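A.B. asks: Please work out how this folds:
(chains A, B, C and D)
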Number of protein chains: 2
Amino acid sequence: MAEQKKNATIYDVAEKVGVSLATVSRVVNGNNNVRQTTREKVLQAIDELGYQPNAVARGLASKKTTTIGVVMPDVTNVFYSELTRGVDDIAQMYQYDALLTNTDDDQDRAVTALKNLLTKQVDGIIYMGTKLSKPVMSAISALRAPVVLAGSVDHAGQLPSVNIDYVAAFEAVTTNLINRGHQRIALVIGSTDRAIDQDFRLLGYKNALEKAGMAFDDRLVFAKARTYAAGTIQAADLMAQEVTAVLAYDDELAVSILNYYQDHGYKVPDDLEIVTSNNTNYALMARPELSSIDQPKYDIGAVAMRMLTKLMNGEKLDDTQIKLPYTLISRGSTRKN
Amino acid sequence: MAEQKKNATIYDVAEKVGVSLATVSRVVNGNNNVRQTTREKVLQAIDELGYQPNAVARGLASKKTTTIGVVMPDVTNVFYSELTRGVDDIAQMYQYDALLTNTDDDQDRAVTALKNLLTKQVDGIIYMGTKLSKPVMSAISALRAPVVLAGSVDHAGQLPSVNIDYVAAFEAVTTNLINRGHQRIALVIGSTDRAIDQDFRLLGYKNALEKAGMAFDDRLVFAKARTYAAGTIQAADLMAQEVTAVLAYDDELAVSILNYYQDHGYKVPDDLEIVTSNNTNYALMARPELSSIDQPKYDIGAVAMRMLTKLMNGEKLDDTQIKLPYTLISRGSTRKN
DNA sequence: ATGAAAGCGCTAACAA
DNA sequence: TTGTTAGCGCTTTCAT
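C.D. replies: Reported below is the predicted structural model:
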């Protein structure tokens, strides 16, 4: 006695109205070559039958799935989830759905994800990994669906991307720290084989040192895992290096460093100044609150998705390397200039 | 001179090997009715042509898309993103892809999302909204694809769901607080029109009061928005009610209350004890660290997804209302018993 | 303005 | 073991 929910097809609608399926297809797709009266009859039949076009069949026939893929390291990281939120909102606005895949920044998984997305015939992809190894790059170029990087860049700068000017931001923060007299400023970044870390964050940091005539000391650069637990371990290393200021690329890491120092009797910002760079809620919840570079995370995702819609429409982009404005927010974890 | 990336189809493979497309289909789908030697030839041709089955065509023909939908309030909330992580990992394991939709717990958006997912012919859905209004419930029952609730329940308890025993957990925490002499214990939950809040969290709280012979005072129940900013506002209300203990259902909210009190000179846990219930990183990052109910968030998502795979396979479930074990974690925001 | 007909790339009976 | 033949539900020329 189970209710048989047989879906109405375009044939059922056509038959009911007494027109061909081509006509039904036209009204469904907003084609104007339909007389007003027939359009109305079709619409009514659609309503009565509860007809919903089958997106899969449509995708096969039209070669457009109105689905995009989002490849990211980890939804659980607030930075990425905020980017994703921006992507998803704009995607919904343009009637796209998003297939999400977590890769943990593992290059093999990223390649697998990309290939799989290809199989599913997505119309485009937002890629958030920070690492972009050779295999990943070649998987991307084998894609024939447009790809936009959000919060990331490739070394060659060939792929469209949306970011902030990491070089300038990291240089500015470092310079501020130098101006307040710091000699031993730690830089905490992701692994240095990533373009975004190596070519941007680290570069900004080095630029500031160089302009101040200070020597670069690679023992002050920390590039480890990005977990709260890993932060605690790194904090011990930082302490051993007797740094007096820290610039961290991730908020969870920054909070764990902050807590470690305070738990060991250090005063922040008196004994240690600390600046983070994602300005998530973590920065606000810490005590003292963390000074931070403020990246427009949601907007980075939103703009990337908007770019992707254009690309999927075959439009050319004037500018493929978008840099959104960032700001520097001064809070309790740093001293006043 | 653009590289023409024409995809190889099953026909190309069949032709190259000199067999019918049915045979190719068989080897692709692991059907055993293929002679070993032909299988090898087909495999080789597939490799040489770089043939990748088109999932859309396959979906149309087989009526299975190997895609599921995930409907959630907000990826940006760590609780949900952790559930999602569990869902995604198991989904990947079983070769499903997940379409993600944020609803902000807006019932209209949830209905729209559900209908859209229906259109895309997903094989199943994981639903994470905590609100389950009539329209949403009827959209779900119109779905003919299985649905599993993760971290949520419907009033009637008809939909398969994965949770912890919220009643027991909230009762236990409240009882502990009562045992330490508190008379005015605040309960901070989501809006009371949700089953999970009304029928579970609130019930557990009331049970504890009743067993202790204490009167229930609805002025001690707070049900507002779940944002860090909203938390600050609620904290002022809590203070006005002169509560001495707080049990909050969301970590960000709990941290904001904690900070508000401490910023106003209160000592935690001496002047106020506070317990939260999601045990995300926020609880660890707060100072003092927050005591919390520990829900196995990742597992809730993972188990829900596992259930969904069975349902999608047409298997019957022995138990549709899964309650995973929870624990109570005592940290600095509460006094010792 | 409307219809006929040929696919889109694949699965799944059914035959052989 | 392998091939033949219908579809799956829709879009899209091309006629009319």
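
A.B. asks: Could I get the full set of strands for chain A?
C.D. replies: A:67-72, A:97-102, A:124-127, A:147-150, A:161-164, A:185-189, A:221-223, A:245-248, A:273-276, A:291-294, A:321-324, A:327-329 (DSSP state E).

A.B. asks: So which of the ones you listed is nearest chain B?
C.D. replies: Nearest to chain B among the strands of chain A is strand A:97-102 (4.6 Å), distances taken as CB to the nearest CB. For glycine as for every other residue, the C-beta is placed from the backbone atoms N, C-alpha and C.

A.B. asks: Output the set of residues of chain A in proximity to DNA strand C.
C.D. replies: Neighbours of DNA strand C within chain A, by CB under 7 Å from any atom of the strand: A:18-23, A:26, A:32-35, A:37-39, A:57, A:60-61, A:63.

A.B. asks: Can you flag the buried ones in these?
C.D. replies: A:Val19, A:Thr23, A:Arg26, A:Val34, A:Thr38, A:Ala57, A:Leu60 (16 or more other CB atoms under 10 Å in any protein chain shown).

A.B. asks: Would you mind putting the strands of chain A into a markdown table with mean pLDDT and mean neighbour count alongside?
C.D. replies: Converted to a markdown table, the strands of chain A look like this (pLDDT from 0 to 100; neighbours: other CB atoms under 10 Å in any protein chain shown):
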| stretch | mean pLDDT | mean neighbour count |
| --- | --- | --- |
| strand A:67-72 | 98 | 26 |
| strand A:97-102 | 98 | 23 |
| strand A:124-127 | 97 | 26 |
| strand A:147-150 | 96 | 26 |
| strand A:161-164 | 95 | 24 |
| strand A:185-189 | 94 | 26 |
| strand A:221-223 | 90 | 19 |
| strand A:245-248 | 96 | 27 |
| strand A:273-276 | 97 | 26 |
| strand A:291-294 | 97 | 23 |
| strand A:321-324 | 96 | 16 |
| strand A:327-329 | 97 | 15 |
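
A.B. asks: how about those strands in a markdown table, adding distance to B:Asn281?
C.D. replies: Formatted as a markdown table, the strands of chain A follow (distance: least, CB to CB, whole Å):
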| stretch | distance to B:Asn281 |
| --- | --- |
| strand A:67-72 | 18 |
| strand A:97-102 | 17 |
| strand A:124-127 | 25 |
| strand A:147-150 | 23 |
| strand A:161-164 | 24 |
| strand A:185-189 | 17 |
| strand A:221-223 | 20 |
| strand A:245-248 | 15 |
| strand A:273-276 | 14 |
| strand A:291-294 | 17 |
| strand A:321-324 | 27 |
| strand A:327-329 | 21 |
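
A.B. asks: So for B:Val167, which of the ones you listed sits nearest?
C.D. replies: strand A:97-102 (32.5 Å; CB to CB).

A.B. asks: rewinding a little: now, which of the residues of chain A next to DNA strand C lie close to chain B?
C.D. replies: A:Ala57, A:Leu60 (CB under 8 Å from any CB of the partner chain).

A.B. asks: Quick one: mark the members of the residues of chain A next to DNA strand C that sit in helices.
C.D. replies: Counted as lying in helices by DSSP state H, out of those, are A:Leu21, A:Ala22, A:Thr23, A:Arg26, A:Thr37, A:Thr38, A:Arg39, A:Ala57, A:Leu60, A:Ala61.

A.B. asks: Contact partners for the first one?
C.D. replies: Okay, so that is A:Leu21. Going by CB atoms under 8 Å, 6 or more residues apart in numbering or on different chains, A:Leu21 touches A:Ile10, A:Tyr11, A:Val13, A:Ala14.
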